[in-house]
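A.B. asks: for reference, the sequence and a predicted model appear below.
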Amino acid sequence: RLYQIPFEMPDCGGESESQTLHLIGDFSAPAEFFVTLGVFSFLYAMAALVLYLRFHSLYAENKKLPFADFCVTVCFAFFWLVAAAAWGKGLSDVKAATRPASLIAAMAVCQGQDAVCNAGATPAMGLANISVVR
């Protein structure tokens, strides 16, 4: 939810006040999908563990239960792949929206002919990149 993050930008018109610029974009849906799928996977794993340990005879006698368990596990694996791809896409969108060149282009003060704007530092995205690799 980048729109919730304000940052101050200087006003080069001779005034001492600074203006507030809000970032654009809401990339929270992929992260929410990823976390929700993780919670449901954990709950399903706990339910399956209880079924395996407590009701082993029911699981061994019923031939449809192992197949249903297999189908649900395959569905979770597919959705986990989709969620991981969505997480990576959301991260790349956040990186693009917060790239210094994008921020400078959004600042009205940098649009003047005499204005020279540059980024003070390049943001470190190493930990964010590692979150996708894991």
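C.D. replies: Looks like it arrived, so ask away.

A.B. asks: tell me which residue lies nearest the centroid of this protein.
C.D. replies: Ala31 (3.6 Å; CA atoms, centre = their mean).

A.B. asks: relative to Ala84, how far out is it?
C.D. replies: Applying CB to CB, to the nearest Å, the value for Ala31 to Ala84 is 11 Å. No exception for glycine: its C-beta is placed from N, CA and C like everyone else's.

A.B. asks: could you point out which element follows the helix ranked longest in the chain?
C.D. replies: When the chain is scanned for its longest helix (criterion: DSSP state H), the result is helix 64-97. Once the chain leaves helix 64-97, the next helix or strand it forms, by DSSP states H and E, is helix 100-106.

A.B. asks: list the buried residues for that following helix?
C.D. replies: Leu103, Ile104 (16 or more other CB atoms under 10 Å).

A.B. asks: ok so, going back, for the residue nearest to the centre of the chain, which residues are in contact?
C.D. replies: Going by CB atoms under 8 Å, 6 or more residues apart in numbering, Ala31 touches Trp87, Gly90.

A.B. asks: and the gap between it and Cys71?
C.D. replies: 27 Å.

A.B. asks: give me the mean pLDDT for the longest helix of the chain.
C.D. replies: Computed over helix 64-97, the mean pLDDT rounds to 87.
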